[in-house]
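S.K.: just need the structure, nothing else, for what follows:
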Amino acid sequence: MTSTPAQGRTGWSALVLAGNRPKGDALAAHFGVPAKALIDFGGEPMLSHVLKALHATASVQQIMVIAQNTDALADAVEAGGGALLRQSSAGISSSIAELAGTDALPFPILVTTADHPLLEPDLLSAFIADAGDADVAVGMVERAVLFERYPMNKRTWLKFADGYWSGANLFALQSVKCLPALELWSRAEQDRKTAWKLFLHFGPWLAVRALTRTIGLGDALRQAGKRLGLKARLVPLATPEAAIDVDKPDDHRQALEIWQNRKGLHQP
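M.R.: Residues are numbered from 1 along each chain as shown. Below you'll find the predicted structure:
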């Protein structure tokens, strides 16, 4: 089912990554479902929650979901309000590169994942606004923001001069200039959780500065973007829940508790 633009919507495409890992997903197996996107979260698949948040975001005009097995996701997509379903190719970055800028997925594009059921329209709108005129923008949460509300939460942190940062699975791709970044990401993806290894792909000096924490993440992204001929921007997010995606059973329990508190529900 193709999403239908609501009155007053302008601008953005949204792309939801809902595929499985090449060797299978342990969390999906833990919950007994064929895909991580289908894990139950408060009575609906996680994917449905993500789609509902996107449909409720004023600047999102159309939505696409990509995965290896699109048939398995059809009911969850319908429950979330509908989206265009497309089969992904071998890798995440190559799948995005094949679709970005086409009639089915025109720029600008908001990219997120199906394992982020705490997404809300206010967060998505703030990220889109703060992406500004960047060709590529990356949403991140600084550790102090997360720990102020959830001090026991465990994340992987990228350590820089301007703080310790965790990803939020939110990316803005606003022009064809993003394509070289996607191509590089296909080679660098395995290093995404180690700052200096990640920035080694942009040259040894930037890697050394990341390793010694003599550069902030915002500056590092700007310099990396310049090397690729594009404008890259860090978008610091003030919403701590932006960093809480669902990768482990403990993540699922915490995210569900947060969601239940939002709704005024309580675990029996």
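
S.K.: where do the helices of the stretch 51-200 of the chain begin and end?
M.R.: Under the criterion DSSP state H, counting those that start in this stretch, the stretch 51-200 of the chain contains helices at 70-79, 92-99, 121-131, 143-149, 179-188, 195-200.

S.K.: tell me if A14 really is in a strand.
M.R.: Yes: with DSSP: H, G, I helix; E, B strand; the rest coil as the criterion, A14 is located in a strand.

S.K.: contacts only, for it.
M.R.: Taking CB atoms under 8 Å, 6 or more residues apart in numbering as the criterion, A14 is in contact with 54, 57, 60, 62-64, 109-112. No exception for glycine: its C-beta is placed from N, CA and C like everyone else's.

S.K.: quick one on the thing from earlier: and the helices of the stretch 51-200 of the chain as TSV, adding distance to A35 and mean pLDDT?
M.R.: Output for the helices of the stretch 51-200 of the chain, formatted as TSV (distance: least, CB to CB, whole Å; pLDDT from 0 to 100):
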stretch	distance to A35	mean pLDDT
helix 70-79	6	97
helix 92-99	15	89
helix 121-131	23	98
helix 143-149	27	97
helix 179-188	22	72
helix 195-200	27	55
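
S.K.: now render those as TSV, adding mean neighbour count and distance to P236.
M.R.: What follows is these, written out as TSV (neighbours: other CB atoms under 10 Å; distance: least, CB to CB, whole Å):
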stretch	mean neighbour count	distance to P236
helix 70-79	17	31
helix 92-99	19	23
helix 121-131	19	8
helix 143-149	15	8
helix 179-188	17	20
helix 195-200	20	16
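
S.K.: just the ones in strands from the contacts of A14, please.
M.R.: Here DSSP state E is the test, and the contacts of A14 give 60, 62-64, 109-112 as lying in strands.
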